[in-house]
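Chemist: Sequence isn't available, so here's the structure alone:
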């Protein structure tokens with residue numbers, strides 16, 4: 001069955017200038033699109049950064065500074081133009097216990113170490129391992145992400161000022177009801193309707209920006225009493241300044257921050273690389289994984305020294321950017337600069353924006369992110385793949401994105417191993433000289449080693465037995481042990497065993513393990529038969 005790309009999930013949503021390529025250059029029209037897209041993203045970043053700062057138990061400006069610094073640096077040197085990075089909820093829920101137990105200064109030190117670990121991962125080119133994430137895991141990931149984004153907006157339907165930090169994030173609070181709830185829902189629906197209609201009327205302005213602008217104008221013009229950005233917290237502040245984390249430079253501090261730094265670095269890279277893939281699928285771009293790892297690392301290292309909480313790629317904001325037409329680094333840079341301007345001089349205006357408008361934008365992101373086609377293909381794909389899609393979705397919602405992806409990859413790998421374990425079999429025939437030949441079919445590894453041993457009739461075979469691996473592959477230590485076990489059984493009954501057509505990487509594996517003595521004049525093209533000496537005394541052949 002052909003894979004369904006993320007772009008197909010969003011094909012019914014109008015995306016401005018999706019066909020633009022770097023060869024076309026930065027024209028005036030392109031710059032206008034990029035700047036407006038950046039402004040849209042910046043507006044959506046404000047409540048997200050403030051909310052995640054609350055979750056982590058730090059001042060809102062700590063989240064806003066992280067959104068600015070991480071967003072700016074990754075936009076400049078990241079692996080893929082169009083991606084947006086900033087403070088995220090997946091990282092915030094890990095940070096909260098560190099802040100509660102040791103204080104915010106230890107958080108800054110942890111973010112610095114987190115960044116250094118991510119730089120190391122990028123230099124080692126570990127980002128390429130994101131290719132091991134199977135397609136069902138990606139489907140479950142985007143579905144779970146859409147649900148998480150949706151649930152995150154529910155806090156905006158509570159009365160501002162009634163939520164409290166319990167040490168595990170924001171909770172409690174009184175839900176809106178009656179006329180305030182009806183008005184909130186009406187404004188959310190109006191924003192979504194404007195976003196849906198705008199591309200059908202004009203592409204001069206990004207649809208999400210139009211939705212925010214029109215609804216905000218109505219709310220401000222008619223002085224409607226609805227929750228606004230300023231009700232969350234004041235975003236006014238100055239420029240981020242250099243701040244060396246005030247922690248003791250000793251081994252005890254290192255022991256405290258290292259576990260958190262490793263977890264944060266892993267979560268940040270997994271989310272960022274998955275975002276890299278999703279954005280690349282929408283914009284037809286590939287590569288850049290290692291560069292993105294380095295960019296995230298540099299961004300977090302710098303952020304830790306400037307009083308920010310760190311961050312990673314934000315899939316929701318990246319989708320807003322791409323759907324608004326952002327295709328170059330200009331949009332990401334503009335988003336960061338606009339956010340800084342909001343902090344420095346624009347806070348009185350930004351704080352007037354109704355939360356309902358921003359919720360409407362995020363709801364449209366949810367609609368565009370959820371893989372609706374997966375609801376149909378669940379009945380068509382293998383049962384294992386359907387299970388993985390549902391499992392990753394559920395774990396994403398109830399745990400976090402990184403854990404869900406790891407769980408999905410492990411389950412997919414085990415399913416793959418089980419399926420391949422059942423593929424091992426052998427074709428047999430007898431040569432004119434009277435030797436029995438076993439032509440092994442399928443990979444020989446830990447999952448199939450037991451089945452491999454059951455292929456042979458040690459008692460019934462003649463004195464000369466040949467095992468031909470031309471259509472097989474010796475993969476791991478379990479495979480070597482299986483070969484040695486079979487060889488030992490034939491030795492016990494006084495029979496001779498030969499091994500043929502082992503690939504050169506199998507030669508290296510067997511030689512390294514010491515199970516077979518491989519002759520140095522082995523023919524790499526398998527044109528000759530070369531004998532090996534099994535340490536038990538049994539002869540092996542090429």
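Modeler: Received it, and whenever you're ready, just let me know what you need. Computed from a prediction, not measured in an experiment: that's the story for all the values here.
Chemist: State the pLDDT value of the closest residue to residue 265 other than its chain neighbours.
Modeler: Nearest residue to residue 265, sequence neighbours excluded (Cβ to Cβ, 6 or more residues apart in numbering): residue 117, at 4.1 Å. Using the backbone N, CA and C atoms, a C-beta is placed for each residue, glycine as well. pLDDT, residue 117: 96.
Chemist: quick one: residue 117 and residue 263 touch, right?
Modeler: No: with contact defined as Cβ atoms under 8 Å, residue 117 does not count as touching residue 263 (10.2 Å).
Chemist: of the two, who's got more company?
Modeler: Neighbour totals were compared for residue 117 and residue 263, and residue 117 leads with 22 against 18 (other Cβ atoms under 10 Å).
Chemist: Next, the buried residues of the helix or strand hosting the more buried one.
Modeler: Using DSSP states H and E, residue 117 sits in helix 104-123. By 16 or more other Cβ atoms under 10 Å, the buried positions in helix 104-123 come out as 104-119, 121-122.
Chemist: and it, what other elements does it pack with?
Modeler: When contacts are defined as 3 or more Cβ pairs under 8 Å, 6 or more residues apart in numbering; DSSP states H and E, helix 104-123 sits against helix 89-102, helix 251-283, helix 289-304.
Chemist: between those, which gets nearest to residue 354?
Modeler: Closest approach to residue 354 among these (Cβ to Cβ): helix 89-102, 21.7 Å.
Chemist: circling back to that earlier point, make TSV out of the helices and strands packed on helix 104-123 and add distance to residue 363 and mean pLDDT.
Modeler: Formatted as TSV, the helices and strands packed on helix 104-123 follow (distance: least, Cβ to Cβ, whole Å; pLDDT from 0 to 100):
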stretch	distance to residue 363	mean pLDDT
helix 89-102	17	86
helix 251-283	19	89
helix 289-304	28	95
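Chemist: Go through the ones you listed and pick out the most buried.
Modeler: Neighbour counts (mean count of other Cβ atoms under 10 Å) averaged over each of the helices and strands packed on helix 104-123 peak at helix 289-304, with a mean of 26.
Chemist: in terms of contact count, name the helices or strands touching the helix or strand hosting residue 218.
Modeler: Secondary structure assigned from DSSP H and E places residue 218 in helix 207-221. Judged by 3+ Cβ pairs under 8 Å, 6+ apart, helix 207-221 is in contact with helix 28-56, helix 178-201, helix 315-323, helix 355-369.
Chemist: So what touches stretch 26-42?
Modeler: Contact with stretch 26-42 is made by 16-17, 20, 24, 84, 205-206, 208-209, 212, 317, 320-321, 324-328, 330-339, 342, 361, as judged by Cβ atoms under 8 Å, 6 or more residues apart in numbering.
Chemist: Pull out the buried positions in that stretch.
Modeler: Buried residues in stretch 26-42, counted by 16+ other Cβ under 10 Å: 30, 33-42.
Chemist: Turn those into a markdown table, columns for pLDDT and distance to residue 390.
Modeler: Formatted as a markdown table, the buried residues of stretch 26-42 follow (pLDDT from 0 to 100; distance: Cβ to Cβ, whole Å):
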| residue | pLDDT | distance to residue 390 |
| --- | --- | --- |
| 30 | 85 | 41 |
| 33 | 89 | 38 |
| 34 | 91 | 38 |
| 35 | 93 | 41 |
| 36 | 91 | 38 |
| 37 | 92 | 34 |
| 38 | 92 | 37 |
| 39 | 92 | 38 |
| 40 | 90 | 33 |
| 41 | 91 | 31 |
| 42 | 91 | 36 |
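Chemist: what would these look like in CSV with distance to residue 299?
Modeler: Listed next are the buried residues of stretch 26-42 as CSV, based on distance: Cβ to Cβ, whole Å:
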residue, distance to residue 299
30, 25
33, 25
34, 20
35, 22
36, 24
37, 20
38, 17
39, 21
40, 21
41, 16
42, 17
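Chemist: picking up where we left off before, I'd like the next helix or strand past the helix holding residue 218.
Modeler: Following helix 207-221 in sequence, per DSSP H and E, is helix 229-232.
Chemist: how about that following helix: buried residues?
Modeler: Neighbour counts over helix 229-232 (16+ other Cβ under 10 Å) mark 229-230, 232 as buried.
Chemist: just those residues now: which is nearest residue 53?
Modeler: residue 232 (9.7 Å).
Chemist: Nothing else from me, thank you.
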